[in-house]
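Asks: Test case, fold it:
(one chain, ligands or ions: 1)
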Amino acid sequence: HGTSKINEAGRLEIGGVDTVEIVKDYGTPVYVYDVALMKERGKGYQKAFEDAGLSYQVAYASKAFSCVAMIQLADELGLSLDVVSGGEMMTAKQAGFPMDRVHFHGNNKSLEEIALALDLGVGCFVVDNFHEIKLLQSETEKRKQKVKVLLRTTPGVEAHTHEYISTGQEDSKFGFDLQSGQVDKAINMLIDDSHIQLLGVHSHIGSQIFETSGFVMAIEKLFSEFARWKKEYSFEPTVLNVGGGFGIRYAEGDEPLEPAEYVNDIADTVKKQSEAAGMDVPEVWIEPGRSITGDAGTTLYTIGSAKDIDGVRRYVAVDGGMTDNIRPALYQSKYEGMLANRANEPTNDTFSIAGKCCESGDMLIWDLPLPEVKAGDILAVSCTGAYGYAMANNYNRITKPPVVFVEDGEANLVVKRESFEDLLRNDLPLRSKERI
Ligand code: LLP
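Replies: So this is what the prediction gives:
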């Protein structure tokens, strides 16, 4: 997929760059991103909105993969940006991303983060709860500063996805519940606040979604409240943010739609509902994360030790694992992989790919068909671009791999490999007298 192919040397090539060369230059493990594919996805969403004739914003959900270069790419593509923490905001700032196109999410924004967002002038707060309303009202009042706001709602729609990544159902930690009047209460609190410009509402029903029915239902549920909101609060949403969650293909059985297919159904529903309600069509915002970066990312590992259990299984271990990709351990996520250095050789057995962490659950792929592997082979695991580096950790004090962007035959290092020095930077000796 994307620009990946097997080249004449029989090796996996991405963005016109031989992955074995990448390994020579940067070592393993290493994350490699196909820039052309990320561009194609971003533009795919934008074009679909253009074709539908709607006003829109496509905000890249930076939680999927954030680093300065990625945020700069999002800017170049004309995407907006969804951030959920001070750290993601500071990454956007460091990248020089225009703050008026930043949308600030989070179910427990701290006062410090709210202050930072106000200092930086973020374009929109997606307000999640009553505690945040109070903080935001007092802070904007104190500063005499105006902010734009969307209300995050839980419309009571369940996306068919893993329980941990499904968010739109009623019983969720996120947002104001639509059914029980929490959204009404929030509108009532904000609508007359001179420092708050209430743009509209937001809903995110989950992640890794392969159908449009959940989006359609969520939009219908929200619209069913619009007439009443107009009457009771003179509040007419001018922005409807339907979140992200568009799925990608990780392995067999995953059947995602094209960006345009998701957008078309969303756009049609919004148009129909607006017409029925006799209101202007609101601006539609979406927040794709995974579908921009997920299948553009490939992790390259070096194979090391092996263990055969006769008649049961053959294990081979790689030089990374749950520290650079926690998704198999956390969500039992399935991945596919291949030997990057001998990509055209026929597979002759199955091998289970173990990570190097001291934990039995640190298995990346079970029973992967491969040619006879040996130590030193390069294993490429595909579709690791979202929530891979983003959720990387230092368990077992393993350092985080570097990130390389490839495009048009060129490789560019965009995140350096973490060093032991980086790892130890904040450690202090026993009985240090140092304070904060
Ligand atoms: N907007 C909101 C409000 C979200 O909560 C999320 C993801 C997104 C947008 C982007 O969703 P995407 O397009 O990437 O599916 N760590 C999990 C995924 C957690 C998703 C959290 N929210 C995983 O690795 O599958």
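Asks: Okay, helices next: where are they in this structure?
Replies: Taking DSSP state H as the test, the helices found in the chain are 19-26, 35-52, 68-76, 86-94, 111-120, 130-143, 182-190, 213-233, 259-277, 290-293, 327-331, 420-424.
Asks: Contacts only, for the residue nearest the centre of the chain.
Replies: In the chain, the centroid-proximal residue (CA atoms, centre = their mean) is A64; its distance is 2.3 Å. Taking CB atoms under 8 Å, 6 or more residues apart in numbering as the contact definition, A64 lies against G289, R290, I292, T293, G294, G385, A386, Y387, A390. For the C-beta atoms, the positions are set from N, CA and C on the backbone; glycine is no exception.
Asks: ok, the residue nearest to the last one when sequence neighbours are not counted - contacts?
Replies: The reference is to A390. Using CB to CB, 6 or more residues apart in numbering and skipping the chain neighbours, the partner closest in space to A390 is F65 (5.1 Å). Neighbour list for F65: G289, T293, G297, G385, A386, Y387, G388, Y389, A390 [criterion: CB under 8 Å, 6+ apart].
Asks: For Q182, see how far away F65 is.
Replies: 32 Å (CB to CB, to the nearest Å).
Asks: Likewise for K24?
Replies: Applying CB to CB, the value for K24 to Q182 is 56 Å.
Asks: F351 now?
Replies: Taken as CB to CB, the span from F351 to Q182 is 51 Å.
Asks: Run through the residues of the stretch 101-250 of the chain sitting next to the ligand.
Replies: H105, I165, T167, H204, S207, Q208, G243, G244, G245, F246 (CB under 6 Å from any ligand atom).
Asks: got the phi/psi numbers for the nearest residue to the residue nearest to the centre of the chain once chain neighbours are set aside?
Replies: Nearest residue to A64, sequence neighbours excluded (CB to CB, 6+ apart): G289, at 3.1 Å. Taking degrees, to the nearest 10, you get phi -120, psi -70 for the backbone angles of G289.
Asks: Spit out the contact partners of G289.
Replies: Y60, A61, S62, K63, A64, F65, D82, S207, G244, A386 are the contacts of G289 under CB under 8 Å, 6+ apart.
Asks: D82 is in contact with the fourth one, correct?
Replies: Spelled out, that is K63. Yes: at 7.4 Å, K63 counts as touching D82 under the criterion of CB atoms under 8 Å.
Asks: of the two, who's got more company?
Replies: A count of neighbours by other CB atoms under 10 Å puts D82 above the other of K63 and D82, at 29 against 20.
Asks: Against H1, how distant is that one?
Replies: On the measure of CB to CB, D82 and H1 end up 25 Å apart.
Asks: Spatially, which two of the residues of the stretch 101-250 of the chain next to the ligand are the most separated?
Replies: Distance extremes for those: the farthest pair is H105 and Q208 at 18.2 Å, using CB to CB.
Asks: Please say whether there is contact between the longest strand along the chain and the ligand.
Replies: Across the chain, the longest stretch assigned as strand under DSSP state E is strand 297-309. No: Strand 297-309 stays clear of the ligand (CB under 6 Å from any ligand atom), getting no nearer than 12.1 Å.
Asks: All further residue positions should be reported with the first residue as 3.
Replies: All right, first residue 3 from here; so that's strand 299-311.
Asks: Within reach of the ligand, which of the contacts of A66 are there?
Replies: With CB under 6 Å from any ligand atom as the criterion, the contacts of A66 include G291, R292, A388, Y389 near the ligand.
Asks: one step back: going by how many neighbours each has, rank K26 and Q184 and give me the top one.
Replies: Counted by other CB under 10 Å, K26 and Q184 do not tie: Q184 has more neighbours, with 17 against 9.
Asks: Quick check: chain neighbours aside, which residue is closest to the more buried one?
Replies: F178 (4.0 Å).
Asks: Can you verify my assumption that the one you found contacts G158?
Replies: No: the criterion here is CB under 8 Å, and F178 misses it with G158 at 11.6 Å.
Asks: Tell me which of these two has more neighbours.
Replies: Under the neighbour definition other CB under 10 Å, F178 and G158 were set side by side, and F178 has more, 23 against 19.
Asks: what about that one, distance to the ligand?
Replies: Separation of F178 from the ligand (CB to the nearest ligand atom, to the nearest Å) stands at 13 Å.
Asks: Check K418 too.
Replies: For K418 relative to the ligand (CB to the nearest ligand atom), the value is 24 Å.
Asks: how deep is that residue tucked in, by neighbour count?
Replies: So K418, with other CB under 10 Å, has 12 neighbours.
Asks: With S362 instead?
Replies: Using other CB under 10 Å as the criterion, the residues surrounding S362 number 8.
Asks: before we move on, what about N346?
Replies: 14.
Asks: nearest spatial neighbour of it, skipping sequence neighbours?
Replies: Closest to N346 by CB to CB, 6+ apart is G12, at 4.1 Å.
Asks: Ramachandran angles for the one you found?
Replies: According to degrees, to the nearest 10, G12 has phi 80, psi 20.
Asks: Hmm, M40 is touching S293, no?
Replies: No: in this structure M40 lies outside contact range of S293 using CB under 8 Å: 10.0 Å.
Asks: before we move on, back to that, residues contacting the residue nearest to N346?
Replies: R344, A345, N346, E347.
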